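> generate coordinates for the sequence data below:
(2 chains)
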Number of protein chains: 2
Amino acid sequence: MYPDSIKELIESFKYLPGIGEKTAERLAFSTLDLEEEQIEMFSSSLLDVHSKIHKCKNCNTLTDYDLCSICSDETRQNNVLCVVEDSKSVFLFEKLGMFSGKYHVLDALISPLDGINPEDIGLNKLLDRLHNESFDEIIFAFKPSIEGETTSLYIKKILDGMNIKVTRLASGVPIGADMEYVDSLTLERALRDRKVIE
Amino acid sequence: MYPDSIKELIESFKYLPGIGEKTAERLAFSTLDLEEEQIEMFSSSLLDVHSKIHKCKNCNTLTDYDLCSICSDETRQNNVLCVVEDSKSVFLFEKLGMFSGKYHVLDALISPLDGINPEDIGLNKLLDRLHNESFDEIIFAFKPSIEGETTSLYIKKILDGMNIKVTRLASGVPIGADMEYVDSLTLERALRDRKVIE
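Next up, the predicted model:
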């Protein structure tokens, strides 16, 4: 029904998560309105992302280079390490601009139900860094979940006796949330971690 | 903050209508999970759509060829012409599979407020076809709107005396709609065009 090239482009958009038939059709047709150079950039950046992007050899953050821009930035605090579950978290924190230390991206969070055991999360690379660099504090910035909790506790146990302060992100009621929509686990945690008003 | 190639891919997704920063980021990262060949097809189909797709020289439907697959299909009814406002409408009707006649895509609908006058909608090409081919009926299948109405009436006037039956799509209450959500114009039209139950 569609011309072949449009059909292929619709199929391509459908590879992406959350994009169904209708949206793929709409997006494919909308590319007809783009400028020649926009299309060329779109097309080549797709190839580039696949051929150039890989993990930083030091911290695992996705990068175009051997060493990512954060690891190679000597102006950053090198005594605080923020451990995250994926590169997206690094970019999210960097966007906020509230953290000036270093990062380390795990291969995954421990999740026995999904077959992901402690030996699958890339711990050795993290431990090597902790031995070679000199961090005073390590912050676990995982999503609040069983997997995040398990991973934090597991690594914390290994670090016992290493004289590194181990912290995690605060959990609690999100700013702006309607109390009635806050789930009970979050509320429980918020109550347990309540802060003195000074 | 992002590696250059990811940044460019995010920018590219943002060119598309309805895709904001967050969605563009999500989509760009999701391409990292695609197979090599999916990425190559995606990348090349973007270029192909831009370089190969153009209007059918007879009916204006977007096609890879000189003459679109509908115009070159000799098994189709060649005495009924469905006039639509864009190629998407053609593909929509073809998907339904309820119409086996020919199509003609106008350049636009008449819309004086947007500066689109009767001479801008590509009427000559349509009139040439009406003279060269022999249609018994012409169906206007525009979206129900002032522009659609104006365009229908304008062309109908020109066709007066040409011995062609001129019809338009029925307007009315959409199947499955809740009566209280049907707008008053639609309801008015549905009442005016009411049908005898036989």
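
> tell me the mean pLDDT for the strand or helix carrying residue A:27?
Using DSSP states H and E, residue A:27 sits within helix A:21-30. Mean per-residue pLDDT for helix A:21-30: 94.

> for the one helix or strand in chain A whose mean pLDDT sits lowest, output the C-alpha coordinates as PDB.
Within chain A, no helix or strand scores below helix A:184-192, which has a mean of 83 by mean pLDDT, DSSP states H and E. The C-alpha trace of helix A:184-192 is given here as PDB (Å, rounded to 0.1, in the frame of the first residue of the first chain):
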ATOM      1  CA  SER A 184       2.600   3.300  51.300                       C
ATOM      2  CA  LEU A 185       6.300   2.100  51.000                       C
ATOM      3  CA  THR A 186       7.400   5.600  50.200                       C
ATOM      4  CA  LEU A 187       5.400   7.000  53.100                       C
ATOM      5  CA  GLU A 188       6.800   4.400  55.400                       C
ATOM      6  CA  ARG A 189      10.300   5.300  54.400                       C
ATOM      7  CA  ALA A 190       9.600   9.100  54.700                       C
ATOM      8  CA  LEU A 191       8.300   8.600  58.200                       C
ATOM      9  CA  ARG A 192      11.200   6.400  59.200                       C
END
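
> which residues sit against that helix?
With C-beta atoms under 8 Å, 6 or more residues apart in numbering or on different chains as the test, helix A:184-192 has contacts from A:144, A:171-174, A:182. In short, each C-beta sits where N, CA and C put it, glycine included.

> by neighbours, which of the residues you listed wins?
In terms of neighbour count, residue A:172 stands highest of the contacts of helix A:184-192 at 18 neighbours, by other C-beta atoms under 10 Å in any protein chain shown.

> so how far is chain B from that residue?
Distance, residue A:172 to chain B, using C-beta to the nearest C-beta, to the nearest Å: 23 Å.

> now swap in residue A:100 and tell me
13 Å.

> report the distance from stretch A:88-98 to the chain centre.
What separates the centre of stretch A:88-98 from the centre of its chain is 9 Å, taken as C-alpha atoms, centre = their mean, to the nearest Å.

> distance from the chain centre to the helix or strand that the helix holding residue A:27 is followed by, please.
Downstream of helix A:21-30, the next assigned helix or strand under DSSP H and E is helix A:36-52. In terms of C-alpha atoms, centre = their mean, the centre of helix A:36-52 is set 23 Å apart from its chain centre.

> my guess is residue A:128 is in a helix, correct?
Yes: counting by DSSP: H, G, I helix; E, B strand; the rest coil, residue A:128 is part of a helix.

> thinking again about what came up before, what comes up buried for the least confident helix or strand of chain A?
A:189-190 (16 or more other C-beta atoms under 10 Å in any protein chain shown).

> got it, and stretch A:129-142?
A:129-130, A:135, A:138-142.

> out of these, name the ones that lie in strands.
A:138-140 (DSSP state E).

> what is the nearest of the contacts of helix A:184-192 to chain B?
Checking these against chain B by C-beta to the nearest C-beta gives residue A:174 as the nearest, at 16.9 Å.

> tell me who's in contact with that closest one.
Contacts of residue A:174 (C-beta under 8 Å, 6+ apart): A:182, A:186.

> give me the pLDDT for it.
85.

> repeat that for residue A:163.
Confidence at residue A:163, expressed as pLDDT, is 88.

> residue A:198 too?
Reported pLDDT for residue A:198: 75.

> distance of it relative to chain B?
35 Å.

> mind listing residues that contact the helix holding residue A:27?
Contacts of helix A:21-30 (C-beta under 8 Å, 6+ apart): A:6, A:9-11, A:13-14, A:19, B:16-19, B:49, B:88, B:91.

> 6 Å instead, please
Defining contact as C-beta atoms under 6 Å, 6 or more residues apart in numbering or on different chains, one finds that helix A:21-30 is touched by A:6, A:9-10, A:13-14, B:16-17.

> around chain B, which positions in chain A sit nearby?
With C-beta under 6 Å from any C-beta of the partner chain as the criterion, chain A meets chain B at residues A:1-6, A:8-9, A:12, A:15-17, A:27, A:30-31, A:34, A:38-39, A:41-43, A:45-50, A:52, A:63-64, A:91, A:94.

> so where's chain A uncertain?
Counting by pLDDT under 70, chain A has no low-confidence residues at all.

> helices of that one, residue ranges please.
With DSSP state H as the criterion, chain A has helices at A:4-14, A:21-30, A:36-52, A:87-96, A:123-132, A:146-159, A:184-192.

> and residue A:49, what does it touch?
Taking C-beta under 6 Å, 6+ apart as the contact definition, residue A:49 lies against B:5-6, B:9, B:31.

> how about residue A:76?
Residue A:76 touches residue A:100, counting by C-beta under 6 Å, 6+ apart.

> now with 7 Å, please.
With contacts defined as C-beta atoms under 7 Å, 6 or more residues apart in numbering or on different chains, residue A:76 is in contact with A:70, A:100-102.

> could you turn the buried ones of these into a PyMOL selection?
To isolate the buried members of the contacts of residue A:76 in PyMOL, using 16+ other C-beta under 10 Å:
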select buried, chain A and resi 70+101+102
